[in-house]
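Q: Let's see this in three dimensions:
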Amino acid sequence: MSYVQPPDFTRAMIDAGAKKVHMSTRDTLIRGFMAGAILALAAAFAVTVTVQTGSALLGAVLFPVGFILLYLLGFDLLTGVFTLVPLALLDKRRGVTVGGMLRNWGLVFVGNFAGALTVAFLIAFITTFGFNVEPDEVGQRLGEIGESRTLGYKEYGAAGMLSLFFRGVLCNWMVSTGVVAAMMSTSVSGKALTMWMPVMLFFYMGFEHSVVNMFLFPTGLMLGGDFSLGDYLVWNEIPTVVGNLVGGLLFVGLTLYVTHARTKERRTSASASGAAATTGPAAAEPVASTDRSATTGPAAVRDEPAAV
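A: Numbers count the residues shown, from 1 in each chain. Coordinates of the predicted model:
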């Protein structure tokens with residue numbers, strides 16, 4: 001596993017954000033659709049493993065397979081573009097505007113939702129033989145998840161809504177850490193390993209991921225879950241999207257950008273200055289350069305696929 005230094009992978013994050021803004025509508029929708037579909041299949045797989053083995057931990061351990069695949073295939077999740085695209089705007093990349101950022105987010109949202117909804121229909125169909133029989137054990141579990149994670153929050157009112165929002169924040173804190181972690185390595189095995197850990201954590205902890213929920217809740221509705229479309233939107237999807245945006249951007253994107261792409265000059269203490277004055281330049285602490293070229297990564301890093 002070849003390690004990439006933080007200033008270099010931070011520059012790769014900004015480059016990736018700029019590429020996404022300039023991507024065509026067709027390609028953005030295709031990549032969003034495939035990302036939503038693959039993540040939905042991974043969620044269905046994890047729920048199936050959990051139900052059949054009785055081990056939620058095993059399901060969480062296996063869930064990151066889908067996330068790793070969609071990353072390596074170059075597809076886009078809403079949670080990833082929430083973190084990366086604003087960095088290109090902050091860095092004042094040419095042609096990157098607020099309108100372009102919102103356009104990218106909107107297209108990825110539509111693509112993710114369409115992909116997840118397609119898989120939701122297929123899973124609901126095959127678990128009921130075309131809606132002709134009662135859902136099997138996996139289908140029943142999907143319906144229970146939808147009910148507990150909408151009406152369960154609603155029962156506690158404002159505290160429930162805040163809990164939902166914080167679960168969304170924590171989720172994309174971890175998921176975006178996985179996205180960025182993949183940029184720490186130039187090898188496929190290194191990318192897979194570094195993505196696996198934070199993604200497993202978010203899934204096992206039951207944090208709220210807006211794209212995973214685009215599959216779980218529509219599936220639950222199709223299979224007769226005891227909650228409404230309004231419950232899903234108000235008491236899960238919308239607060240989760242906002243939480244994902246805050247968690248990914250604030251705790252991953254902005255922190256890395258500020259400290260690694262806009263690093264401040266090192267502090268020099270009075271004693272160090274005095275020592276430098278008496279012993280000559282050799283004793284003085286070197287001062288970090290703020291030249292942007294210092295954070296520009298090697299060619300291999302700059303060529304990181306735009307997909308996340």
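Q: got a list of what Lys154 touches?
A: 160, 231, 235 (C-beta atoms under 8 Å, 6 or more residues apart in numbering). For the C-beta atoms, the positions are set from N, CA and C on the backbone; glycine is no exception.
Q: Identify, from those residues, the entry nearest to Arg93.
A: Using C-beta to C-beta, Trp235 comes nearest to Arg93 of these, at 37.4 Å.
Q: which ones are touching the closest residue to that closest one other than its chain neighbours?
A: What sits nearest to Trp235 in space, not counting adjacent residues and going by C-beta to C-beta, 6 or more residues apart in numbering, is Thr150, at 4.4 Å. Contact analysis of Thr150 by C-beta under 8 Å, 6+ apart lists 217, 227, 231-232, 235-236.
Q: run the last query once more with 6 Å
A: Taking C-beta atoms under 6 Å, 6 or more residues apart in numbering as the contact definition, Thr150 lies against 227, 231-232, 235-236.
Q: where does it land on pLDDT?
A: Listed pLDDT for Thr150 reads 93.
Q: just to revisit the earlier point, list only buried entries from the contacts of Lys154.
A: With burial judged by 16 or more other C-beta atoms under 10 Å, the buried subset of the contacts of Lys154 is 160, 231, 235.
Q: Buried residues, stretch 94-101. List them.
A: Residues 96, 100-101 are the ones in stretch 94-101 that count as buried (16+ other C-beta under 10 Å).
Q: want to throw the residues you listed into TSV with distance to Asn132 and secondary structure?
A: Output for those, formatted as TSV (distance: C-beta to C-beta, whole Å; DSSP: H, G, I helix; E, B strand; the rest coil):
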residue	distance to Asn132	secondary structure
Val96	51	coil
Gly100	47	helix
Met101	46	helix
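Q: Redo those residues as JSON lines? Include distance to Phe129 and pLDDT.
A: Formatted as JSON lines, the buried residues of stretch 94-101 follow (distance: C-beta to C-beta, whole Å; pLDDT from 0 to 100):
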{"residue": "Val96", "distance to Phe129": "49", "pLDDT": "97"}
{"residue": "Gly100", "distance to Phe129": "46", "pLDDT": "97"}
{"residue": "Met101", "distance to Phe129": "44", "pLDDT": "98"}
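Q: Which of those residues lies at the shortest distance from Glu208?
A: Nearest member of these to Glu208, counting by C-beta to C-beta, is Met101, at 22.9 Å.
Q: re the thing from before, and of the contacts of Lys154, the nearest to Pro86?
A: Nearest member of the contacts of Lys154 to Pro86, counting by C-beta to C-beta, is Trp235, at 27.2 Å.
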